[in-house]
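Engineer: Following is a predicted model, sequence given first.
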Amino acid sequence: MSDSETRGSAGRGDDFIRRIVREDLASGKHQRVVTRWPPEPNGYLHIGHAKAIWLNFGIAAEFGGRCHLRFDDTNPAAESSEFVAAQQADLRWLGYDWGEHLHFASDHFEALYQFALELVRRGRAFVCDLSPEEILERRGTLTEAGSESPFRERSRDENLDIFEQMRAGAFEPGSRVLRAKISMASPVLTMRDPALYRIVAARHHRSGADWPIYPLYDFAHCLSDAIEGVTHSLCTMEFVDHRPLYDWILAALDLPEPRPRQIEFNPLRLTHTVLSKRWCRELIERGHVEGWDDPRMPTLAGLRRRGVPPEAIRALCAGVGVTRREEATTQLARLEFEVRTLLNQSAPRRLGVLRPLKLVIENYPEGQSEEVELANNPEDPAAGTRHTGFGRELYIERDDFAETPPKKFYRLSPGSEVRLRGAYLITCTEVVKNAAGEVSEVRARYDPESRGGSAPDGRRVRGTLHWVSAQHALPATVRLFDRLFLAEDPLATAPGEDFTKHLNPESCVVVEDARVEPALAAFERGACFQLERLGYFCVDLDSKPGRLRLNRTVTLRDTWAKIAARS
RNA sequence: UGGGGCGUCGCCAAAUGGUAAGGCAGCGGCCUUUGGAGCCGCCAUUUGCAGGUUCGAGUCCUGCCGCCCCAGCCA
C-alpha cells in the first residue's frame, strides 16, 4: 500500500486513536500494538465494515504490530461457516492479511467458561432463574432504576452448582441465565446486572454440540481481547455505553495490567445508501436488487462486481478520517471521486459505443479497412498502444450528433468537422432519416491527410468523438448503474411510507446493443477499463465469450452535461 | 425523561490559549487528440447560541439550544 493511500486523499495520516497508540508505545505502556477486527459471521461485509478493517489493520501495520481476525461467533443460531469463508475472501480482496492470527471467540469457550466460574466464586455473578420477560419487567426505564432479581443473593456454592448444571445441559433455553452482579440502579442500562451466559439449543458451526451455553458479547469480547493480548480494542460509537462493563469484567477478574483498552470511533456512513444488514436483506427479498453481490449494493461483494477497486475503498476510509462524530455522513460523490482517481491512473482505455448511430464515410473506399493506433492510457505511457480496425462504415454515439446543435455543441452536426479519436478528421455531409423521421444514418467525408487525428495544415477541431468500426466491433450488453436511492437518507420517510419510495427507477439501465472494440474480448471477468468519454466499466462475472456483458462502475466527469443542463 | 456521545463552510475534517489547514462538491478561467485528465483562481472576518475569564478563546468557565446512541438471554 502506498503512503498516500494509507494517509488518504485528504487526511494527515493522524487521528486521535493513532495519537493514543503512539503515546502508549512511547510511554512504554505497551511494547507493541495488537488490534483485532471482530466480525460476526452472520452476513456479508459492507463498505461500513471497511473503515473498521482499514483502521484496525492499518494501525497495526503502521506501528509494527499485528491485527487479529477474530470471528465473534458466540451466537450459533445466526452464524455459519459459509459466512466465515465469504468474509475472509472479502477481507483478502480488500487487501488485508492476518497472517497466523485467525481466531474465533469459540476457540476461547473453555477459557471463557473458567472465567465465568471465577466470577461466580468471587461473588460477582449469579444464576438468575427469571424468564426473559421477567427480566425485562425488572429492568426499569431510562429514568427509573430496575429491581433486583430474587435470585441475586444465592449462595456462592448454589450458583456454582447451578451454573455447572447449565454447562452440563440440564436446563431448557431461556430458563436460566448467568448475570453479573453490578447494580440495578445504574443510570447506564448496560450495567444493570447484565446477562453474561445464556442457554442456546443450536449447533455451533465450529464447536458443534459441545456447548449448551454461550457467552454474550459483553462477556466474550473483553475477555477474548485479554486472552489474545489485544492492546487497543477499536469499535464504533454505539459501544460507548458498553465500555464501563468491558472494564468492569476485566477488573472483577483481576486481570493483569496493562489491560486492553476499548476506544470508540465514528462509523462510516454514506448518503444515498443503506448499510444495515436488515435493510440490505429487505432489498433482496423484495426483489429490488438481485442479491448480495448486486453491483448497486454497498456490500464489498457488490462493490467488487461493480468494478470498484479495493484501493479506492481504502482511500475513502483514509480520506474521511476518524473522529467521534457519530452522525458524520460522507457524500457518495466522495466514493466516486476515489474511484475515478484510482481508475484514471490505472485503467486501460478502450472505445465503445453505447447507442450506436451509423456513420458512413462517403469518400472512404468500399471494401477497404485499416488499422489505427491508439494509446492504452494517456496517463501512463508505459501502458503502450494498440491497434484497432477502421473502415468506411462506423458507429458513433447517438448523443454525439445533433441535426440542430445547441450552443457550445462541439460534436457532429451538419457541416461541422470533428475528430474521430486516433483516426481521422471528418465533416458531416448528410443526414439520413427513416420513415418515422428519426436520424438513422449520418454521412461524412474524411480528410485522408489527417490520419492519426490531426491535419497537416494545423487546423484545429474542437470535438473528438469515440467510434467503433461496424465491421470489426463486438456486440455487448452494458449495464449502466447509478445510485440505488434518489434520497440522501433513504430511511427518512413520512409515516406510512417506506424506503422504496426513494428507490431510483434508473439505478440499472440495461443497454442490449452496445458495440465495443474487439480488444475487449481479451479482458477477463472482473477487469476494469475506461470506455473513452463514457466512464469506467468492468467485465461482469456472468460475461461469456461471444456474450460480452459489462458493468458501468462510474461515469467520467461530464462537463457537457452541466452545460447542457443549464440551458 | 436518566446516562452517554457530538456540534468548525453544502459534505468530510484540521487547528491541543497566539489570531480558522486540507479534501469532496460548487463556481470562474487556462490547457487539451477523452467536454476525460492536468493546471490556476474563488469559495468560514468566524467555529450551535448567550454570557464570562484572558493582552489574546474554535480551544478555558457558566447557562441555554440542537442532533445522535442506550431499556436483546443480538453483536
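Structural biologist: Cool, the structure landed. Numbering: from 1, shown residues only, chains lettered A, B, ... in the order given.
Engineer: Who are the contact partners of the residue of chain A found nearest RNA strand B?
Structural biologist: Closest residue of chain A to RNA strand B, C-beta to the nearest atom of the strand: residue A:453 (2.1 Å). Any C-beta I mention is one placed from the backbone N, CA and C, and that applies to glycine too. Neighbouring residues of residue A:453 by C-beta atoms under 8 Å, 6 or more residues apart in numbering: A:419, A:420, A:421, A:422, A:423, A:424, A:425, A:464.
Engineer: Doesn't the first one lie inside a helix?
Structural biologist: In other words, residue A:419. No. Counting by DSSP: H, G, I helix; E, B strand; the rest coil, residue A:419 is not part of a helix but strand.
Engineer: show me what contacts the closest residue to it other than its chain neighbours?
Structural biologist: Computed as C-beta to C-beta, 6 or more residues apart in numbering, the closest residue to residue A:419 that is not its neighbour in sequence is residue A:464, at 4.6 Å. Listed by C-beta under 8 Å, 6+ apart, the contact partners of residue A:464 are A:418, A:419, A:420, A:421, A:453, A:533.
Engineer: What is the nearest of those to residue A:228?
Structural biologist: Taking C-beta to C-beta as the measure, residue A:228 lies nearest residue A:533 of these, at 52.0 Å.
Engineer: How about the backbone phi and psi for that closest one?
Structural biologist: The phi/psi pair for residue A:533 (degrees, to the nearest 10) reads phi 70, psi 0.
Engineer: what's the nearest residue to it if we skip its chain neighbours?
Structural biologist: Nearest residue to residue A:533, sequence neighbours excluded (C-beta to C-beta, 6+ apart): residue A:466, at 5.1 Å.
Engineer: The stretch 1-150 of chain A against RNA strand B: which residues are in contact?
Structural biologist: Residues of the stretch 1-150 of chain A lying close to RNA strand B by C-beta under 7 Å from any atom of the strand are A:9-12, A:14-16, A:19, A:38, A:40, A:72, A:74-75, A:78, A:130-132, A:135-136, A:139, A:141-143.
Engineer: Just the buried ones from these?
Structural biologist: Among these, the ones that count as buried by 16 or more other C-beta atoms under 10 Å are A:9, A:11, A:15, A:38, A:40, A:72, A:74, A:75, A:130, A:135.
Engineer: ok, the residues you listed vs residue A:552, which is closest?
Structural biologist: Nearest to residue A:552 out of those is residue A:9 (C-beta to C-beta; 22.7 Å).
Engineer: quick revisit: narrow the residues of the stretch 1-150 of chain A next to RNA strand B to those in helices?
Structural biologist: In this view, those that belong to helices under DSSP state H are A:16, A:19, A:132, A:135, A:136.
Engineer: Which parts of chain A belong to which domain?
Structural biologist: A:3-265, A:277-348+A:476-566, A:352-473 (automatic domain parsing).
Engineer: near RNA strand B at all, the second one?
Structural biologist: If I follow you right, that is domain A:277-348+A:476-566. Yes. Domain A:277-348+A:476-566 lies within reach of RNA strand B by C-beta under 7 Å from any atom of the strand, at A:319-331, A:333-334, A:336-337, A:340-341, A:344, A:530, A:532-533, A:556-560, A:562-563.
Engineer: before we move on, back to that, okay, the domains of chain A in TSV with distance to residue A:271 and mean pLDDT next?
Structural biologist: Converted to TSV, the domains of chain A look like this (distance: least, C-beta to C-beta, whole Å; pLDDT from 0 to 100):
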stretch	distance to residue A:271	mean pLDDT
domain A:3-265	12	95
domain A:277-348+A:476-566	4	96
domain A:352-473	27	97
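Engineer: and the contacts of residue A:453 as TSV, adding distance to RNA strand B?
Structural biologist: Converted to TSV, the contacts of residue A:453 look like this (distance: C-beta to the nearest atom of the strand, whole Å):
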residue	distance to RNA strand B
A:419	5
A:420	8
A:421	5
A:422	5
A:423	8
A:424	9
A:425	9
A:464	4
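Engineer: now those in TSV, with distance to residue A:115?
Structural biologist: What follows is the contacts of residue A:453, written out as TSV (distance: C-beta to C-beta, whole Å):
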residue	distance to residue A:115
A:419	74
A:420	73
A:421	68
A:422	69
A:423	73
A:424	78
A:425	79
A:464	69
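Engineer: hmm, which two among the ones in helices among the residues of the stretch 1-150 of chain A next to RNA strand B are most spread apart?
Structural biologist: Pairwise over those, using C-beta to C-beta, the maximum falls at A:19 and A:132, 42.5 Å.
Engineer: Which of the contacts of residue A:464 ranks first by neighbour count?
Structural biologist: Within those, residue A:420 tops the neighbour count with 26 neighbours, counted by other C-beta atoms under 10 Å.
Engineer: Please name the residues that touch it.
Structural biologist: With contacts defined as C-beta under 8 Å, 6+ apart, residue A:420 is in contact with A:390, A:394, A:396, A:426, A:453, A:464, A:465, A:467.
Engineer: quick one: buried residues of the helix or strand the fourth one falls within?
Structural biologist: Remark: residue A:426 resides in strand A:425-433, with elements defined by DSSP states H and E. Buried residues in strand A:425-433, counting neighbours by 16+ other C-beta under 10 Å, are found at A:425, A:426, A:428.
Engineer: Could you give me the buried positions within the next helix-or-strand element following that strand?
Structural biologist: For strand A:425-433, the succeeding helix or strand toward the C-terminus, using DSSP H and E, is strand A:439-446. For strand A:439-446, burial by neighbour count (16+ other C-beta under 10 Å) applies to A:442, A:444, A:445, A:446.
Engineer: For strand A:439-446, which strands pair with it and how are they oriented?
Structural biologist: Using DSSP bridges, the strands paired with strand A:439-446 in its sheet are strand A:356-361 (parallel), strand A:425-433 (antiparallel).
Engineer: Can I get whichever helix or strand comes after the first one in PDB? Just the C-alpha atoms.
Structural biologist: Following strand A:356-361 in sequence order, the next helix or strand is strand A:369-375 (DSSP H and E). Taking Å, rounded to 0.1, in the frame of the first residue of the first chain, the C-alpha atoms of strand A:369-375 are listed here in PDB:
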ATOM      1  CA  SER A 369     -10.100  -1.100 -44.000                       C
ATOM      2  CA  GLU A 370      -7.000  -0.300 -42.000                       C
ATOM      3  CA  GLU A 371      -5.600  -0.300 -38.500                       C
ATOM      4  CA  VAL A 372      -5.200   2.800 -36.400                       C
ATOM      5  CA  GLU A 373      -3.000   3.100 -33.300                       C
ATOM      6  CA  LEU A 374      -4.400   4.200 -30.000                       C
ATOM      7  CA  ALA A 375      -2.800   4.900 -26.700                       C
END
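Engineer: so what strands line up beside strand A:369-375?
Structural biologist: Counting by DSSP bridges, strand A:369-375 is paired with strand A:385-391 (antiparallel).
Engineer: which other residues reach the strand it pairs with?
Structural biologist: Residues from elsewhere that reach strand A:385-391, judged by C-beta under 8 Å, 6+ apart: A:351, A:364, A:368-376, A:420, A:422-424, A:469-472, A:517-519.
Engineer: So how do I select the buried members of those in ChimeraX?
Structural biologist: In ChimeraX, this line selects whichever of those come out buried by 16+ other C-beta under 10 Å:
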select /A:351,364,372,374,375,376,420,422,423,424,469,470,472,517,519
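Engineer: What residues does the nearest residue to residue A:265 once chain neighbours are set aside make contact with?
Structural biologist: What sits nearest to residue A:265 in space, not counting adjacent residues and going by C-beta to C-beta, 6+ apart, is residue A:322, at 4.9 Å. Residues near residue A:322 by C-beta under 8 Å, 6+ apart: A:15, A:16, A:17, A:55, A:265, A:266.
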